[in-house]
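Chemist: pasting a predicted model and its sequence here:
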Amino acid sequence: MLSSQAFDSLNPAQRAAVEHNDGPLLVIAGAGSGKTRTLTHRVARLVAEGVPPAAILLLTFTRRASQEMLQRAARLLDSRCERVSGGTFHSFAHLKLRQHAAAAGLAPDFAVIDRSDAEELIGLLRKEAGGSNPDRSLPRKATLAAIFSRAVNKAMSIEEVLDRDYAHFMDRLETIRALWEAYTRRKREHHFVDYDDLLVCFHRLLQDAPEIRRRLGAAYRYVMVDEYQDTNKLQAEILYRLAEGNRNIMVVGDDSQSIYAFRGANFRNIMDFPAMFPGTRIIGLEENYRSTQPVLNLTNIVIERAREKFSKHLFTRKTGGERPQMIEAEDENSQSLFVVQRVQELIRRGVAPERIAVLFRAGFHSFDLEIELAREAIAFIKVGGFKFTESAHIKDVLAHLRVIANPLDRISWHRVLMLIEKVGPRGAQRIYEALAEARSGATGLSALTRRHPGLEPLAALYRGLDAAPRSPTEMGAAVVQYYLPLLRRQFDDHPKRAKDLEQLLGIMERYRRLDPFLTDMTLEPPTASAEQRLYAGESAEGRLVLSTIHSAKGLEWHTVFIIWALDGRFPSLYAMANEEELEEELRLMYVAATRAQEGLYITYPRQAFDRSLGIVLNRPSRFIDMIPEEEEILERRSVRY
């Protein structure tokens, strides 16, 4: 049994959620209210009371989150908690599709392709459709991939996506729709499953195979979901199918932190959960363990303006704390100089640089600040942007390994062959077709070197790898050794990129077989390069943190600066024309402000000229400016340098 001391750290609302037994439960967990503690204690309690660990399913949005929760639960109870079924939606779907491939209409050897590979395939199809006269009016391959993904995640037609988000491409609707159909057909022919297909196919399996659905529902007696506000429509329907039998589902989330609509997250999921599962018990976590009360006073009044919400009022038992400050700067550079000066003061007072963050709505908002920080020799790390595995050099190395695992992987072969001098798209296609026809895989390159001498170094690489069994790390090291001259030829910043390859080899050391490594690189890749790592709980190594607000969710700092709090920038001009978008921008401001533990500064330039529209922006963000001065929530002042 779980000791009574294990419950001592829980407040009454957390304890009520932990002790909940059967039936649907919705936990509205305000920012910094200890939702992870609540989930881990409930896992430990269920296991302690005799529920088999494998009968508990914990779904999160990163593998790291589920691993940490289960490790914490194990510390509360014992190692049985680490045997709980935990993982991401996509990894869980992948596991079940492997087990039931035939019932899902998939080939048993289906290969999972990531977003970059999907873009490459779409690019090939785009070229094929254009023939010798490419259609330059079509969206680029990355945009087409975004359109297709949005259609899946938002359960919309291609026409609806174009009409809503890409209206300037509506005159190309028929061609784009034809490319979508060709992409779907080509994936099926090559046994490819992309990231979005994992959810689509798993949902179809649950919907069309009632016996499998009943078995899975019986196998997972208790389902728990973290960050439910970030789920899309497909994920919500998957959960409904899984839990419709015993209805023992607990979801934890915060409607006020639903900020990922652009990724397909559906705000309605958390709002409509009680309707989807009638009889849902709702518990609110409102005691905050992160921020001082003056910070919470501001965040409470900001989110109160939300049109639709589960009402909550965050409070803390912490004492003291200064009021947040709203700073009007003369111009953008004055804003930057204020932040620099205040950061220097905080560091002199003993606040470590990595405990200070500057947050912004869009990446370009920090450009002027970056110049001033460099001028003052203040080290910083900027968070946001491309994922580690979306970098060209990482993709290149992975492609060399993927053709070993799947000799018919046309996308990876195309990437590998195009790196060789004097091999163009047509040459790469002919070489691939020769290998595919001979069904010889990478070892078949040797037979082609007479006609294509440039293939010899690559052929030698694969002959060496085929000569004796090797671990994934040894295979990776051989590929990197072959690739380094190509890296130096392609990139001016090759020393930095070489460090990323070292990190990749370090990751490979965790694996005994190549296939699981390649699958994990698709399903759960690292989120940043070696020079840009920033996870919750890790320091920025003595550097100030600059981050988009979306990248900052889940993190916290001693002091936070929110810059460019100007109507037209935050909220953006685009959002101001759409009520739903404006609501999400409001929640984005709430997320930014709730990252602060003690100090919070919200800054804006008095006016800024928008060159694209030819207008002057001169109104403070409506999310902050609407707070009455007499309520003494904010300290307002102006600065000029």
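Modeler: That came through, no problem.
Chemist: ok, now how distant is R451 from I420?
Modeler: 13 Å (CB to CB, to the nearest Å). From N, CA and C alone the C-beta is placed, and that goes for glycine too.
Chemist: what about these two, which has more around it?
Modeler: It is I420, of R451 and I420, that has more neighbours when counted by other CB atoms under 10 Å, with 18 against 10.
Chemist: OK, contacts around the nearest residue to that one once chain neighbours are set aside?
Modeler: Counting by CB to CB, 6 or more residues apart in numbering, the nearest residue to I420 once its immediate chain neighbours are dropped is G454, at 5.0 Å. Taking CB atoms under 8 Å, 6 or more residues apart in numbering as the definition of contact, the neighbours of G454 are I420, E421, K422, V423.
Chemist: and the second one, that one's in a strand?
Modeler: By that I understand E421. No: checked against DSSP: H, G, I helix; E, B strand; the rest coil, E421 lies outside a strand; its state is coil.
Chemist: now the closest residue to it other than its chain neighbours: how far from G424?
Modeler: The shortest distance from E421 to any residue that is not its chain neighbour, by CB to CB, 6+ apart, is 5.8 Å, and that residue is G454. Spatial separation of G454 from G424 under the definition CB to CB is 12 Å.
Chemist: repeat that for R450.
Modeler: R450 sits 19 Å away from G424, going by CB to CB.
Chemist: got the contact list for L544?
Modeler: Shown here is L544, whose contacts under the criterion CB under 8 Å, 6+ apart are V343, P353, E354, I356, A357, V358, L373, I378, A379, F380, I381.
Chemist: can you list which of the residues you listed are found in helices?
Modeler: If you go by DSSP state H, the contacts of L544 have V343, L373 in helices.
Chemist: pLDDT below threshold where in the chain?
Modeler: Scanning the chain with the threshold set as pLDDT under 70 gives 1-4, 130-135, 384-390, 524-540, 611-613.
Chemist: any idea which strand is longest in it?
Modeler: Assignment by DSSP state E gives strand 596-605 as the longest strand of the chain.
Chemist: what phi and what psi does the backbone show at the residue nearest to I420?
Modeler: Geometry field for G454 lists phi and psi as phi -60, psi -10, criterion degrees, to the nearest 10.
Chemist: before we move on, what about G568?
Modeler: The phi/psi pair for G568 (degrees, to the nearest 10) reads phi 100, psi -20.
Chemist: and what of P52?
Modeler: phi -60, psi 130.
Chemist: equivalent analysis for the one 3 residues further on, please.
Modeler: Main-chain torsions, A55, degrees, to the nearest 10: phi -90, psi 0.
Chemist: correct me, but it touches L216?
Modeler: No: applying CB atoms under 8 Å as the test, A55 and L216 come out as separate, 11.3 Å apart.
Chemist: compare neighbour counts for those two and give me the winner.
Modeler: Set A55 next to L216 and count neighbours by other CB under 10 Å: L216 wins out with 20 against 16.
Chemist: quick one: that one from E189, how far?
Modeler: When CB to CB is applied, the distance between L216 and E189 equals 29 Å.
Chemist: which residues of the stretch 251-400 of the chain fall in helices?
Modeler: Applying DSSP state H, counting those that start in this stretch to the stretch 251-400 of the chain gives helices spanning 267-271, 273-276, 293-303, 332-348, 367-375, 392-405.
Chemist: tell me which of those sits most buried.
Modeler: Each of the helices of the stretch 251-400 of the chain was scored by mean neighbour count; the highest is helix 293-303, a mean of 23, by mean count of other CB atoms under 10 Å.
Chemist: quick one on the thing from earlier: select from the contacts of L544 the one having the most neighbours.
Modeler: The contacts of L544, ranked by neighbours (other CB under 10 Å): first place V358, 28 neighbours.
Chemist: tell me the contacts of the closest residue to it other than its chain neighbours?
Modeler: The spatial neighbour of V358 that comes closest, neighbours along the chain excluded (CB to CB, 6+ apart), is F561 at 4.5 Å. Contacts here follow CB under 8 Å, 6+ apart; on that basis F561 touches V339, R342, V343, I356, A357, V358, L359, Y601, I602, T603.
Chemist: let's see it at 6 Å
Modeler: V339, V358, Y601 (CB atoms under 6 Å, 6 or more residues apart in numbering).
Chemist: any idea how far the first one is from A552?
Modeler: With distances taken as CB to CB, V339 is found 16 Å from A552.
Chemist: rewinding a little: can I get the contacts of F561 in JSON lines including distance to L486?
Modeler: As requested, those are exported to JSON lines (distance: CB to CB, whole Å):
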{"residue": "V339", "distance to L486": "41"}
{"residue": "V358", "distance to L486": "37"}
{"residue": "Y601", "distance to L486": "47"}
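Chemist: quick one: which of those residues is nearest E630?
Modeler: For E630, the closest of the contacts of F561 turns out to be Y601, at 21.4 Å, with distances computed as CB to CB.
Chemist: coming back round to it: in its sheet, what does the helix or strand containing the residue nearest to V358 sit against?
Modeler: Assessed by DSSP states H and E, F561 sits inside strand 557-562. According to DSSP bridges, the neighbouring strands of strand 557-562, each with its direction, are strand 356-360 (parallel), strand 596-605 (parallel).
Chemist: and the shortest one with helix 367-375, angle?
Modeler: Computed with axes from the mean of the first three to the mean of the last three CA atoms, to 10 degrees, the direction of strand 356-360 lies at 150 degrees from that of helix 367-375.
Chemist: so which elements touch the host helix or strand of T40?
Modeler: Here T40, judged by DSSP H and E, is contained in helix 35-48. The criterion is 3 or more CB pairs under 6 Å, 6 or more residues apart in numbering; DSSP states H and E, and the helices and strands that helix 35-48 contacts are helix 12-18, helix 63-76.
Chemist: reformat these as JSON lines; add mean neighbour count and distance to I282.
Modeler: Converted to JSON lines, the helices and strands packed on helix 35-48 look like this (neighbours: other CB atoms under 10 Å; distance: least, CB to CB, whole Å):
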{"stretch": "helix 12-18", "mean neighbour count": "19", "distance to I282": "10"}
{"stretch": "helix 63-76", "mean neighbour count": "19", "distance to I282": "22"}
